[in-house]
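Undergrad: from the sequence below, what's the structure:
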Amino acid sequence: MLTDFSVRNHSCELGIGFPKAEDRSKGYGTEAMKLMLDYGFNNLNMHKIKLSVYPFNTGAVKAYTKVGFVKEGTVKDEIFYDGKWVDIDYYAIFQDD
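TA: Have a look, this model is predicted:
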C-alpha cells in the first residue's frame, strides 16, 4: 500500500508484506509493487516513492531492487527486534527512473 503522502514534496512510502511463507517467491510482490509504482507515479504524480526494510530480509531487498529501488542509507540500531538491536535500510525510486 502507499502511505504517508507528502503533497508538497510529491512523495510517499510503499509498504508490502506476505505473512504466509507459501505466498512468497511467486512473483506476487513484484507484480503488486509494479502496479503501486505505476499508480503512484502516473496517477498521483509522485516524484519519489520510498520504503524501509530490515537488511537481513534478503528476499524483500531482492524484490525491491528488482523493480528499481536503490538504497539511500542505513540507520543503525533503529529497532529492537527479536531480542537485539537491528539496522533499518532505506530505499527509494524516482519518477524519472
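Undergrad: from residue 64, how far out is the residue located most distally from the centre of the chain?
TA: What lies farthest from the middle of the chain is residue 83; by Cα atoms, centre = their mean that is 24.2 Å. For residue 83, the distance to residue 64 (Cβ to Cβ, to the nearest Å) stands at 26 Å. From N, CA and C alone the C-beta is placed, and that goes for glycine too.
Undergrad: run the chain-centre distance for the lengthiest helix in the chain.
TA: Ranked by residue count and defined by DSSP state H, the top helix of the chain is helix 28-42. Distance of helix 28-42 from the chain centroid (Cα atoms, centre = their mean, to the nearest Å) equals 11 Å.
Undergrad: contact partners of the next helix or strand along the chain from it?
TA: Where DSSP states H and E defines the elements, the next helix or strand beyond helix 28-42 is strand 48-53. Under the criterion Cβ atoms under 8 Å, 6 or more residues apart in numbering, residues 2, 9-15, 36-37, 40-41, 60-61, 64, 69, 72, 88-95 lie in contact with strand 48-53.
Undergrad: buried residues in stretch 36-49, which are they?
TA: 36-37, 40-41, 46, 48-49 (16 or more other Cβ atoms under 10 Å).
Undergrad: so residue 5 makes contact with residue 12?
TA: Yes. Counting by Cβ atoms under 8 Å, residue 12 is a contact partner of residue 5 at 4.6 Å.
Undergrad: need the residues touching each of the two.
TA: Joint contacts of residue 5 and residue 12 (Cβ under 8 Å, 6+ apart) are residue 44.
Undergrad: give me the more crowded residue out of those two.
TA: residue 12 (22 against 14; other Cβ atoms under 10 Å).
Undergrad: backbone dihedrals for the more buried one, both of them.
TA: phi -160, psi 180 (degrees, to the nearest 10).
Undergrad: which ones are touching it?
TA: Residue 12 neighbours (Cβ under 8 Å, 6+ apart): 2-6, 40, 44, 46, 49-50.
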